[in-house]
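Undergrad: Show me the folded form of this:
(chains A, B and C)
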Amino acid sequence: MSIDMRQFHQVFFDEAAEHLGQIESLLVSIDLRRPDDEDLNAVFRAAHSIKGSAGTFGFSDMADITHVMENLLDAVRKGERALTADMVDACLAADDILRAQLAGHRQECQVDPAPAAAIIERLTRLLPAAPVGQAPAVAASADPLPVRESRGLQADVFDVRFVPEPAVAAQPTLQDNLLDELGRIGGVEIVYRPPPEADDARWWLKITTLMPADTLQGILDFMAAPGTVEISATDGGAPAGEETAYGFFDPLPDLPAAPVSVPAPQAPPREPAGEAKPAAGADTSIRIGVDKVDQMINLVGELVITQAMLLQSSQGLDPVLHERLLASLGQLQRNTRDLQASVMSVRMLPVSMVFSRFPRLVHDLSRKLGKQVELKTLGEHTELDKGLVERLADPLTHLIRNSLDHGIELPEARVAAGKAPSGLITLSASQQGGSIVVEVGDDGAGLDRARILAKARERGLPAPDSLSDEAVWALIFEPGFSTAEIVTEVSGRGVGMDVVRRSIHALGGRIDVKSIAGVGTRFTVRLPLTLAILDGLSVRVGSETYILPLGHVTESLQVSPDMIHSLSGEPRLIRLRGRYLPVVALHREFGVADGGTDWCAGIMVVVEVDGVQMALFVDELLGQHQVVIKSLETHFRRVKGFSGATILGDGRVAMILDLQALVAGARRLQSVAA
Amino acid sequence: MPLQAGAPPSITDDAAGGCEYLTFFLGDEEYAIDILRVQEIRGYDPVTPIAGTPAFIKGVANLRGTIVPIADLRIKFGVGGVEYTPFTVVIILNIGLRVVGIVVDSVSDVVSLPARELHPAAGLSASIGAGFLRGLGTVGERMLIVLDIERMMRSPDMGLVDPDDAG
Amino acid sequence: MTKNVLAVDDSTSIRQMVCVTLTSAGYTVVEAADGCDGLEQANERVFDLVLTDLNMPRMDGLGLVRALRELPAYRQVPILMLTTESSDEMKSQGRAAGATGWMVKPFDPLKLIEVVRKVIG
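TA: Numbers count the residues shown, from 1 in each chain, chains lettered A, B, ... in the order given. This is a model prediction of the structure:
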C-alpha cells in the first residue's frame, strides 16, 4: 500500500500561506521594547507548524528555513535573547523567501536556492552562539530507552559545518579536492559556501552517506581549522539529535490488554488544565472551494431570473381574483432576494485580506526612504467580493507607495513646516449604499498645482491656469503623467496613476483625488459590492435590449435639433452646457436594423468612462435593475463591445455594454471635435 | 469488406465498430453527426443577435440559465432556404465542456453506420471544409454526409472559440 | 471491530495525512485541532489510541496528555506524541505527563501505520 502525499499538498499550501501571513502581520506590529509573549508564541508556533508539515510533505527547503527561524524565536520567547529590529527584519525576509518557495512548490517549479541559503546563514548568525566543536548530535544519547528502533541500512543525512584551514580557504583547488573526497563516501549538497574574503568563512554542507559520522570527521580534520567542525545527523531537514524515529517510554502492554472494558466516561473533569476552556465558536468555519460557491451563486442567479419571469407573467392578472397567488409571489420575491444576499455574502471577504499586507510595505519603504510613517487602518472588517479583494491589491499598493514616496515629507521638512516628524497614512474602507469606498489619505505636502500644470503643458495637454483644482488633480490620471522629478525606486518603474485608474475602472469602480497644499492628499476609490451582479440601466434599441452599467451613467436627456452638430455632413456630436460630446448611436454601432435614427426622437444617455464623456443614442430607457452577469466565454468567446450578458425577466438574453471599448472609438471623435 | 483506402483518419478514431449517428436535413441534403455529441433537440426560439459576428452565428440563447451560441448550418454551408418555421430545430451539442446549438431544417433519424460503410467524399469538401467530413454513408437508398462535428465546431472558421483557447 | 484513533494536531495538512493514512489502514480516525478540542472529543467517547502534536494553541500536547490521564477512562489508553524535536528534555516531559511514546515528525505514512499497529494492533 502506498499513500500519495500529493493529495495533501493543497491543504498544506493554504495552511502555510495562512501561517506566513500571520507571521508577517505579527512581526510588523510587534513592539521591540516590550514584545507581547502571546504574539511571540504565535509566531513561534506558526514557524514550527510550517516546519513540521513542510518536512512531512517533502518540502525540505521550507523546513530548513523555518527550522532556523523557530530556533531563533524559541530563544527569544524563552528570554535567552532580546528581540532586535535585525531579527524582525531577518524573519520578515525569511517570510518572503518562504512565500517564494511556497509559490514555487504550488507551480511545481524550481526556486533559486541561493536566497534560502543566505537567509539561513543570516538567521543563524542571530542565534545564540553554540559552543564550537561540540556537536550535539554525534554522541549517542545517554538515555537508555526500553524500546529502540534501528534504522537498518539506510543512508543518513549529516549537516556539516566547518571553517576551512586558511590554506584551504585560499586555494579553490584544495576545496575541490575536499569536495571530491567527500563525494566518494556519499552525496554532497553545498548549502552555503562562503564567497572569498567573506567575514564568516563557515561552510555548510549536507552529506548523505552510509558511513558513520567519525569517517566524515576524519576527512574533515585534514582540511578544517581545528575545533570548527560540527556534524549533526538530520532527519529531513530538522537536525534530530536522535537516531530513532519513534520510541516508547515503557514496554507496551500485550495487545489484548488494551483498554476494552473501561467504563464510559463521565462528566468532564473538574478543571483539567488551567485555562483549557473550549472557546465557543472558535473553529466553526469550513474550507470550501470557490467553484462550489460560484455554482451556488449561479443557481441563485437562475432562481432570481425565474422569480422575475413569474412576476412578469403575473402582471396581467386581476389582483382581486388572484390575491393569494400575488401575495405568495411577493413573498417569493423577498425570500429570493434574501437568499441571494446571503449566498453572495459567502463570496465576501473582509478587506483586511488586502489591508494586512500594507503595514509591511509601509515598514519596509519608510525605512528605505528615511521617512517616519505611521499607517492607520480603519474599517478592515468591511466585506467585498473575493474577486474584487484580490484585484484591489495592486492599485492600493500603488496608491500607498505614492503617498509614501511623494506625499509624506522627510522628517526635517515636516518639522520645518510645523508638523510632527512622523507622517500619517490612513487607509480606510466603508460601505456606502451599494458601493464600497476605500480611501488612502496622507498628511503630506499635497499635490503641487503649478508643477502639474507645467507638466501637463509639457505633454501637450490643454491646461489653462483657469482650471479648477479638481480638474488639475484629475490630470495626474492621464497616461504617462508622473509629477515625481526623480523616478524613484519606490514608485518609479514606469507605472503611473493612469494604470491605477484603469484597473479601478476595470473593476467597475471609480477613483477621485482631493488635495490641499501642505495638508495632504486623499484618494477615494468607489467600487461595486460584487462582480457577479451589476446595477444596470436597460435601454431599448429597435427590438433589442442592452444593459448599461449604471455607475457610469451621469444623465439622460432628449436633445433638440439645435444641440446636434455635424462633422463631414453627418450628425456626430451634441452640445451640452457648452461642451461637445461625441455620440455613439447604438443602432449603428451594433447594426440594429429597426433602431430609430432620429436623434430628437430618442434618448441620449451620457456616460463617463476613463475621464471621457460621451452620449449613447438609444430609442428608449426601459428601467434600472440589478442584473446577474453571465460570462459569454463559458460556451462562446469574448465579443468586442460587450463585457458579458444577462438574462432578462422574460428569459431573453441581453448584452451588457463594455463602455471602455466604446469610449475608445468616441475618443477619436472627441479629438476631432477639439 | 476491406477498409476503404484513403479514408480520413478520424474514421478509425471510433474503433472499428463505427457508431450511431443523428441525421438531419439542410435543404435536400441529409447530414449525420455522432450522436454522442448531441445533448438535446429543441425548437427554434428567437436568439439575441451579436454585432460583429459572421452571419451564420445567429446569436446567443438562454439555455436554462447558461448563455450558448447558436450557429445556423444552412447559412454556413449555403444550402437550403433560411427560414425559421415551427419545424426548424436546434440541435444542442456538447463539444468538450462547451455547449453549442446548431440550426437545421429538421431532424430525421438515428442510424447505426459501421465505419467500413463510410466512403471518401471527393468534391463535396469545398463548401464544408475538408477536415470536417468523415465521408459519405449509405443507408438503404439514402446518402448521408457524415460530419466530424466536433472538429468542425472547434475550428477557427466557426468563430465559436477564442483563437487562444481553441486547443 | 475497528479501532478508534484520536488525531490531535493544529496543522490541517498533517491531520488530514494522519487521518487518510490510518483510515486506509482500517482504523477509524477522529480529528481535533488542538488540545481543548481533543479533550472535548475524548470526553465524548473512549478512543483506543490518541496521537497528539506538542505545539498547539489553546492547550498544547503535554497539557492534553496530563488532562487525559486524569480521566479514569484514559488511564490505560496509549498516547503517542508526534513531535519535531526528539530531545531528551521533551522525552522526560512527555514521560512525566504520562505519554506512552513519541514519534518524530516528519514521518513516512507507512511508518505511522507500523507504529500504530505495534501499539493497538
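
Undergrad: count of neighbours near the closest residue to chain B within the stretch 251-400 of chain A?
TA: Residue nearest to chain B within the stretch 251-400 of chain A: A:E302 (4.1 Å; CB to the nearest CB). Using the backbone N, CA and C atoms, a C-beta is placed for each residue, glycine as well. A:E302: 15 surrounding residues under other CB atoms under 10 Å in any protein chain shown.

Undergrad: check contacts around it.
TA: B:64-65 (CB atoms under 8 Å, 6 or more residues apart in numbering or on different chains).

Undergrad: what are the phi and psi values for it?
TA: Phi and psi for A:E302, reported as degrees, to the nearest 10, are phi -60, psi -40.

Undergrad: can you tell me how far C:E85 sits from A:N71?
TA: 10 Å (CB to CB, to the nearest Å).

Undergrad: Next: A:L339.
TA: A:L339 is 52 Å from A:N71, where distance means CB to CB.

Undergrad: So for these two, which residue has more residues nearby?
TA: A:N71 (19 against 15).

Undergrad: Now do the contacts for the nearest residue to the more buried one once chain neighbours are set aside.
TA: Take A:N71 and drop its neighbours on the chain: the residue closest to it by CB to CB, 6 or more residues apart in numbering or on different chains is A:L127, 5.9 Å away. Contact analysis of A:L127 by CB under 8 Å, 6+ apart lists A:68, A:71-72, A:75, A:81.

Undergrad: Now go through these and say which are in helices.
TA: In this view, those that belong to helices under DSSP state H are A:68, A:71-72, A:75.

Undergrad: Would you mind giving me the confidence score for the residue nearest the centre of chain B?
TA: With distances taken as CA atoms, centre = their mean, the residue of chain B nearest its centroid is B:I149 (4.5 Å). B:I149 is assigned 91 on the pLDDT scale.

Undergrad: ok, now the one 4 residues further on?
TA: pLDDT recorded at B:M153 is 89.

Undergrad: and it, what element?
TA: Per DSSP states H and E: B:M153 is located in helix B:149-154.

Undergrad: Tell me how far that helix lies from the chain's centre.
TA: Relative to the chain's own centre, helix B:149-154 is displaced by 8 Å; criterion: CA atoms, centre = their mean, to the nearest Å.

Undergrad: and it, does that touch chain A?
TA: No. Counting by CB under 8 Å from any CB of the partner chain, chain A is not contacted by helix B:149-154; separation bottoms out at 10.9 Å.

Undergrad: re the thing from before, the residue nearest to the centre of chain B and chain A: what is the separation?
TA: B:I149 is 15 Å from chain A, where distance means CB to the nearest CB, to the nearest Å.

Undergrad: Count the residues that sit near A:S342.
TA: Neighbours of A:S342 using other CB under 10 Å come to 10.

Undergrad: Same question for the one 4 residues further on.
TA: Residues lying near A:V346 (other CB under 10 Å) number 15.

Undergrad: Find the helix or strand that the nearest residue to it once chain neighbours are set aside is a member of.
TA: By the measure of CB to CB, 6+ apart, the closest residue to A:V346 outside its immediate chain neighbours is A:V293, 5.2 Å from it. Element membership of A:V293, judged by DSSP H and E, is helix A:290-313.

Undergrad: Name the next helix or strand downstream of that helix, please.
TA: helix A:323-346.

Undergrad: which one of the ones in helices among the contacts of A:L127 sits closest to B:V90?
TA: A:V68 (65.3 Å; CB to CB).

Undergrad: Tell me the secondary structure at the residue nearest to the closest one when sequence neighbours are not counted.
TA: Leaving aside its sequence neighbours, A:V68 sits nearest to A:L123 (CB to CB, 6+ apart; 4.4 Å). Secondary structure state of A:L123, per DSSP: H, G, I helix; E, B strand; the rest coil, is helix.
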